[in-house]
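Novice: Pasting the sequence and the predicted coordinates here, then a few questions.
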There are 2 protein chains.
Amino acid sequence: MHEKFEFKLKATSGKARLGEISMPRGVIRTPAFMPVGTVGTVKAMYLDQVRELGADIILGNTYHLMLRPGPERVARLGGLHELIRWPHPILTDSGGFQVMSLSGLRKLDEKGVTFKSHVDGSTHHMSPERSIEIQGLLDSDIQMQLDECVALPAEPKEIERAMEMSLRWAERCRIAFGEQPGKAMFGIVQGGDIPDLRIRSAEGLKQLDLKGYAVGGLAVGEPQAVMLDMLDITLPVLPSEKPRYLMGVGTPDDILKSVALGVDMFDCVMPTRSGRHGLAFTRRGKVNIRNARHAEDMRPLDEQSNCPASRDYSRAYLHHLVRSNEALGGMLLSWNNLAYYQELMQGIRKSIEEGRFADFMAETQEMWAKGDVEAA
Amino acid sequence: MHEKFEFKLKATSGKARLGEISMPRGVIRTPAFMPVGTVGTVKAMYLDQVRELGADIILGNTYHLMLRPGPERVARLGGLHELIRWPHPILTDSGGFQVMSLSGLRKLDEKGVTFKSHVDGSTHHMSPERSIEIQGLLDSDIQMQLDECVALPAEPKEIERAMEMSLRWAERCRIAFGEQPGKAMFGIVQGGDIPDLRIRSAEGLKQLDLKGYAVGGLAVGEPQAVMLDMLDITLPVLPSEKPRYLMGVGTPDDILKSVALGVDMFDCVMPTRSGRHGLAFTRRGKVNIRNARHAEDMRPLDEQSNCPASRDYSRAYLHHLVRSNEALGGMLLSWNNLAYYQELMQGIRKSIEEGRFADFMAETQEMWAKGDVEAA
């Protein structure tokens, strides 16, 4: 058992990094994809399945969990791991992003943010200190600073103001978090699509000597090229001996290209959300299973996959289930998609270890470009 | 492998019967509970789980499957078993009941029924012959005659008319079904809540020398006592060497009391539908997991159960999932409920074998009456 949070860089291939985060609840192999367990459940999945697919860590949403079941209640029940039956590491976001995107009537100032719950309309206040307190009550292993994430496009002045305040909040969160050797609190780089602001944000956070750094405020409406530019500018500023987490990203292609720039951690609802809507990710790109071409195709999504959902169920059946709005459709496609994401991460890690990440990336993209198998 | 459909009565305890149906796709231990796989899926369950819980047979709804994916399509894909990955026996209803309850603008006469699909409003016609043809295209192992099921209360004249027509349809279905030694076609006793009509219906069907007999048109609004009276009157008329199936029933208590009268087979959406709405069936009766008393109760639904859903997940977590409308809530409670139903059937079968069904029934009802464990 590892008593202290520790990140080890084990190999590189170009800028891509192979690493390992060790902490009391387990080891996280990086680059890592963290399935999103919004309200204490990775939607339509048993957590045993999520684990078997190779997830070392999942993400919980502080905003959702503070509304339901509530952090004090979770603490009384022994913490989030105990409640949801996931003894491995959990990362929680700060709640800030969802406050901005989901809640009504928010009021934001230096002290924090006041907002109305999207569940019952009740009013809540969250300061940087309260965000860390909540994440502590949840017993989260990796906690995120409260930040303000601005949707792009936005005015430079507005981006700068939010970035500066996020920096000040990072410091307050660091103080609130204090000394917890087995856990970590990560800062979040902001600065929108403005290189100077991104650099200032990263430098400011670096001063705080945090245990890890996230890049936030990307994949919020800007083109992929802008996201990659911002990463390319930001990552070199961050200390190489700390893990780097790109928040809320993304497609398999986003992940490959971000790993190529040196990102270590990802989370995204895409595999589960897309799955519920009938979109499957496979070695040969995306498959819209609602499409009529699958209606009488008894082949599986990918016979070479190790995942039962991908290998054992026919496209015809998946098509029928999704068209009929049956729960099993979302269950199977979420399973397939999370399997594909973890298979991708495994391939990424192996290729970095072997010093051939660029080749792996090219091969993977080539398979996607080939597209799905011909119609039966 | 059994080439012929065959029913063996193995033991009795009072009027309760222990039996076994053998047919090419497998053996069905009776009394049996058949989970309902409406549209080719037992809602929110993997069929592997359904099998592991002890289901020897599941039910498919002809009405739903004829609309989606369509019987000709299912046949082209190799039949329902192949499509849904369930190699064991499947019973299909005739479609009549759902035509009456779900479709719009139906027109019924001697020839059959014309109705509008609840899915897309398209018009369909189903005759007794077409119902059997559809069930054949689905490759169903036990097929049901088309009947007309009258909702109670109803006028005696109306009940009689429907019963008489159902009898004539039974004969047409028997002819349409022809000789299929490995499969069976069951007739359905109708006659509402009128003893004479029930007896005439059962006697008429008996003349047709079918492989099995169902009792239909019960649990459609009448009190439980009326249902049991009708069974008590009907079952002695039916040949004892044929299996008896009570359609669409019911609660665990309905099942116990009907087994006591000699019923061999049951199906009901209750375990899965109730599960999706937060109602759990346990050894100690029903538990409404939405109730606030469970919000901080870290005990499982039933620590003595062999089912992971019942034994390993806390009430607090289930409560949270159901309150948050999360898919996993319905997945776990459907699993728990189907596990309880199959555990009940197993207990029933064992007690008949041991000649102590009446004791088992009393003990089981006593446990239900005790009610759920005290609040934590």
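Specialist: Structure received. This is a predicted model, so every value here is computed, not measured.
Novice: What values do phi and psi take at A:H294?
Specialist: Main-chain dihedrals, A:H294, degrees, to the nearest 10: phi -90, psi -10.
Novice: Quick check: closest non-adjacent residue to A:R172.
Specialist: In this structure, A:R172 finds its nearest non-sequential neighbour in A:P128, 4.2 Å apart by CB to CB, 6 or more residues apart in numbering or on different chains. The way it works is simple: take the backbone N, C-alpha and C, and place the C-beta from them, glycine included.
Novice: Confirm for me that the one you found is in contact with A:F177.
Specialist: No - in this structure, A:P128 is not within contact of A:F177 by CB atoms under 8 Å, at 9.8 Å.
Novice: Compare those two (neighbour count), which wins?
Specialist: Set A:P128 next to A:F177 and count neighbours by other CB atoms under 10 Å in any protein chain shown: A:P128 wins out with 28 against 21.
Novice: Can you pull up the residues of chain A that come close to chain B?
Specialist: Counting by CB under 8 Å from any CB of the partner chain, chain A comes close to chain B at A:39-41, A:43-46, A:68-69, A:73, A:76-78, A:82-85, A:295-296, A:298, A:312-314, A:316-317, A:320-321, A:323-324, A:326-328, A:330-331.
Novice: In helices only, show me the residues you listed.
Specialist: A:73, A:76, A:82-84, A:316-317, A:320-321, A:323, A:327-328, A:330-331 (DSSP state H).
Novice: Could you list the low-confidence segments of the stretch 1-150 of chain A?
Specialist: A:105 (pLDDT under 70).
Novice: give me that answer again for 80
Specialist: A:1, A:103-105 (pLDDT under 80).
Novice: what are the ranges of the strands in it?
Specialist: A:6-13, A:16-23, A:26-30, A:32-37, A:58-60, A:90-92, A:104-109, A:112-116, A:123-126, A:142-144 (DSSP state E, counting those that start in this stretch).
Novice: and the second one, what other elements does it pack with?
Specialist: Strand A:16-23 is packed against strand A:6-13, strand A:26-30, helix A:327-353, with contacts defined by 3 or more CB pairs under 8 Å, 6 or more residues apart in numbering or on different chains; DSSP states H and E.
Novice: Adjacent strands (with direction) for the first one?
Specialist: Right, strand A:6-13. Strand A:6-13 has its sheet partners listed here by DSSP bridges as strand A:16-23 (antiparallel).
Novice: Restricting to C-alpha, output the strand it pairs with in CSV.
Specialist: Output in CSV follows, covering the C-alpha atoms of strand A:16-23 (Å, rounded to 0.1, in the frame of the first residue of the first chain):
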residue,chain,number,x,y,z
ALA,A,16,3.6,11.3,-24.7
ARG,A,17,4.2,10.1,-21.1
LEU,A,18,3.7,6.8,-19.4
GLY,A,19,3.3,7.1,-15.7
GLU,A,20,1.8,5.9,-12.5
ILE,A,21,0.0,7.6,-9.7
SER,A,22,0.2,5.7,-6.4
MET,A,23,-2.0,6.4,-3.5
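Novice: Not counting it itself, show me its contacts.
Specialist: With CB atoms under 8 Å, 6 or more residues apart in numbering or on different chains as the test, strand A:16-23 has contacts from A:2, A:4-12, A:27-32, A:89, A:141-142, A:182-184, A:243, A:259-260, A:262, A:264, A:348-349, A:352-353, A:357.
Novice: Centre of the chain to it, how far?
Specialist: Put simply, strand A:16-23 sits 16 Å off its chain's centre (CA atoms, centre = their mean, to the nearest Å).
Novice: by how many degrees do it and strand A:32-37 diverge?
Specialist: 60 degrees (axes from the mean of the first three to the mean of the last three CA atoms, to 10 degrees).
Novice: on that earlier part again, determine which stretch of the strands of the stretch 1-150 of chain A is the most buried.
Specialist: strand A:142-144 (a mean of 28; mean count of other CB atoms under 10 Å in any protein chain shown).
Novice: What residue in the stretch 101-250 of chain A comes nearest to chain B?
Specialist: Residue nearest to chain B within the stretch 101-250 of chain A: A:V119 (8.5 Å; CB to the nearest CB).
Novice: so that residue touches A:R68, yeah?
Specialist: Yes - A:V119 lies in contact with A:R68 (CB under 8 Å); the separation is 6.3 Å.
Novice: more crowded one of the two?
Specialist: The neighbour comparison of A:V119 against A:R68 (other CB under 10 Å) goes to A:R68, with 17 against 13.
Novice: Quick check: the more buried one touching B:V322?
Specialist: No - the criterion here is CB under 8 Å, and A:R68 misses it with B:V322 at 11.1 Å.
Novice: Find the nearest non-adjacent residue to the residue of the stretch 101-250 of chain A closest to chain B, please.
Specialist: A:L67 (5.1 Å).
Novice: residues contacting that neighbour?
Specialist: Neighbours of A:L67 in contact, by CB under 8 Å, 6+ apart: A:117-120, A:124.
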